[in-house]
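1. fold the stuff below for me.
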Amino acid sequence: MAEVAFSADLQERLSGLKARLQRWSRGGRTDDSFLMQASATLERLTALSEERRGNCTLPKFLQLYTQAVLDITYFEENQLVDEEFPEESSLQKVEELINVLSEPEILVKANSTSQEPLSVLGTELLECLYWRRGALLYMFCHTVKGRKEWLTEKTDLLKKFLSEGIHYLVTMLGFRCSDNADEEVSFGDADTARLIHEGIYSDTHLLAMMYCGEMCYWGLKYCGEGKDPVQSTDPRSSSRGPTTALDFRETGAKMLQKYNTVCEGPLRLHDWDTKNAKRILNYFQHLPA
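-> The predicted structure is shown next:
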């Protein structure tokens, strides 16, 4: 690929990320390991952007940019969690972080006419971007559903965040799933082959399934039937695609059944707890048709 023509947009985003880091540096938080990693990455990006004819390609630049985004926002997310999502400011902060974590994909689409985010950023970074957005919305919804006044006044907003969070997690879980159920995979044992076929490469994939199930449960318990329009969950789509209807019960049951099957099958010796998943599945099964 040809070297990057550093557009005004790329330069502006890089400057914005530096300013974001500097805000925390001025607050005396330079000893945090994630901020230190982000600072080193931004120094590399700055050097690359100043090279007239360097070896920097668009994927290389955007991969480094994405890593800096992930490190800085992880620090900021931890701040929100530690402060238990303050009522006066957390809503705006969560929306801001979701936007920042969406920027790498936006930049790929704005600066490349021939490549998709998956081919530019790679599977691991793209999975992480979707996981982090989904997990952030999970934690936020987990907190605010316990605030009766907030829940009464902002039920529609809770429903929106639940739908978006589920979308991010389902998309994340789809990146490594095999399209061919009969595909031959050579591994030393059947359990490993099953996990690979299901796209389960880490504990994070299992947590994403459980989070999806819980969020679907909250959607039905606090917001009604669901079936709100959400974006397409096909990670290979060239765009977000047309809206589709999210059915909280159907989506939640599918995720939790898969979670239970894996935990009690290939991972049966690893002590994953399925009690809550079974409780929620029982709730789904006893809802009126």
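2. would you mark the buried spots in the lengthiest helix in the chain?
-> Taking DSSP state H as the criterion, the chain has its longest helix at helix 58-82. Buried residues in helix 58-82, counted by 16 or more other CB atoms under 10 Å: 58-77, 80. Heads up, the C-betas are built off the backbone N, CA and C, glycines and all.
3. what of stretch 151-161?
-> Neighbour counts using 16+ other CB under 10 Å place 158-159, 161 of stretch 151-161 among the buried residues.
4. show me where this protein dips below the pLDDT cut-off.
-> 1-7, 27-30, 51-55, 178-188, 225-245 (pLDDT under 70).
5. what segments of it are strands?
-> Secondary structure of the chain (DSSP state E): strands located at 226-230, 244-247.
6. who's in contact with Leu169?
-> With contacts defined as CB atoms under 8 Å, 6 or more residues apart in numbering, the neighbours of Leu169 are 130-131, 134-135, 138, 208-209, 211-212, 215.
7. pipe these into JSON lines and attach neighbour count and distance to Ser119 per row.
-> Putting those into JSON lines (neighbours: other CB atoms under 10 Å; distance: CB to CB, whole Å) gives the following:
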{"residue": "Tyr130", "neighbour count": "24", "distance to Ser119": "16"}
{"residue": "Trp131", "neighbour count": "22", "distance to Ser119": "19"}
{"residue": "Gly134", "neighbour count": "26", "distance to Ser119": "22"}
{"residue": "Ala135", "neighbour count": "19", "distance to Ser119": "25"}
{"residue": "Tyr138", "neighbour count": "24", "distance to Ser119": "28"}
{"residue": "Ala208", "neighbour count": "27", "distance to Ser119": "22"}
{"residue": "Met209", "neighbour count": "25", "distance to Ser119": "26"}
{"residue": "Tyr211", "neighbour count": "25", "distance to Ser119": "27"}
{"residue": "Cys212", "neighbour count": "29", "distance to Ser119": "26"}
{"residue": "Met215", "neighbour count": "25", "distance to Ser119": "29"}
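8. in helices, which of those appear?
-> The subset of these located in helices under the criterion DSSP H comprises 130-131, 134-135, 138, 208-209, 211-212, 215.
9. of these, just say which sits nearest to Ser15.
-> Closest to Ser15 out of those is Tyr130 (25.8 Å), distances taken as CB to CB.
10. for the closest one, give me its contacts.
-> If you count contacts by CB under 8 Å, 6+ apart, Tyr130 has them with 168-169, 171-172, 175, 235.
11. nearest residue to it other than its sequence neighbours?
-> Excluding its sequence neighbours, the residue lying closest to Tyr130 (CB to CB, 6 or more residues apart in numbering) is Met172, at 3.7 Å.
12. quick one: contacts for that neighbour?
-> Going by CB under 8 Å, 6+ apart, the list of residues near Met172 reads 127, 130-131, 134, 205, 208, 235.
13. mind putting these in TSV, distance to Lys109 included?
-> Putting those into TSV (distance: CB to CB, whole Å) gives the following:
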residue	distance to Lys109
Glu127	18
Tyr130	16
Trp131	20
Gly134	20
His205	26
Ala208	24
Pro235	14
